[in-house]
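[1] Curious how this folds, go ahead:
(one chain, ligands or ions: 1)
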Amino acid sequence: MYQQIALYATVFFVFLLALAFAFVYGESKRSGDYGSIQKKGYRIRKFYFLGLIAVMGFASVMTLGRLPYDRNQAEATGMNEIKIVKVTGIQYAWEMSEDRFRVEDQVQFEVTADDVTHGFGLYNEKMELVAQTQAMPEYTNTVYYKFEEPGTYQILCLEYCSAGHHVMVKEIVVEPEGGSL
Ligand SMILES: [Cu+2]
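    The predicted structure follows:
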């Protein structure tokens with residue numbers, strides 16, 4: 001859905017931009033006194049600048065306070081329902097405290113590494129990246145994910161961590177609610 005919105009917004013703004021170019025091209029044929037045009041231009045620029053500040057300010061106030069989005073989303077549904085899963089990346093495997101889940105499980109992945117930096121990438125069955133964070137030695141990154149579809153998910157390493165990088169794949173199974181796969 002967001003992709004659709006982004007597409008329509010892009011087309012709309014490209015259209016606006018094209019209009020602006022057409023206007024400038026049309027006006028370029030006309031000659032007039034510099035002083036009065038400059039005054040008008042500065043006025044437009046001032047309103048444009050203030051408008052931009054207002055829009056950006058509003059968007060920042062509305063969205064920045066909700067960072068990180070995934071944690072806030074998880075907290076809204078109740079922290080005590082969240083499963084904490086420890087994940088450690090090591091050349092060349094993923095160690096996990098748990099690797100079987102059920103649909104509707106909210107998981108807090110606590111991701112770290114034992115040797116070098118790895119990239120934790122959680123993929124669904126369609127190979128779409130649904131969650132990701134960096135796996136760093138001596139540091140824990142947290143990422144939240146709620147399983148909504150059953151199936152076999154995969155964790156792939158997203159950071160080239162030397163020769164065996166490509167074999168750093170871990171399968172995790174998500175069972176449908178109330179039944180087994
Ligand atoms: Cu890697």
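
[2] Now do stretch 99-109, average pLDDT.
    Confidence over stretch 99-109 (mean pLDDT, whole number) is 90.

[3] you'd agree E149 is up against N124?
    Yes - E149 is within contact range of N124, at 6.4 Å (criterion: C-beta atoms under 8 Å). Glycine gets a C-beta too; all of them are placed from N, C-alpha and C.

[4] Around the ion, pick out the residues from the protein.
    H118, C157, C161, H165 (C-beta under 5 Å from the ion).

[5] ok, so of the residues you listed, who is nearest F12?
    C157 (39.0 Å; C-beta to C-beta).

[6] Could I get the contacting residues of that closest one?
    By C-beta atoms under 8 Å, 6 or more residues apart in numbering, the contact set of C157 is G89, Y92, W94, H118, G119, F120, G121, H165, M168, V169.

[7] what do you get for F147?
    Contacts of F147 by C-beta under 8 Å, 6+ apart are F101, R102, V103, E104, D105, V107, Y153, V174.

[8] Return the backbone torsion pair for the third one.
    What that stands for is V103. When read as degrees, to the nearest 10, the backbone of V103 gives phi -60, psi 140.

[9] try the fifth one
    Note on D105: backbone dihedrals following degrees, to the nearest 10 are phi -70, psi 130.

[10] do the same with the second one
    Reported as degrees, to the nearest 10, the phi and psi values for R102 are phi -120, psi 150.
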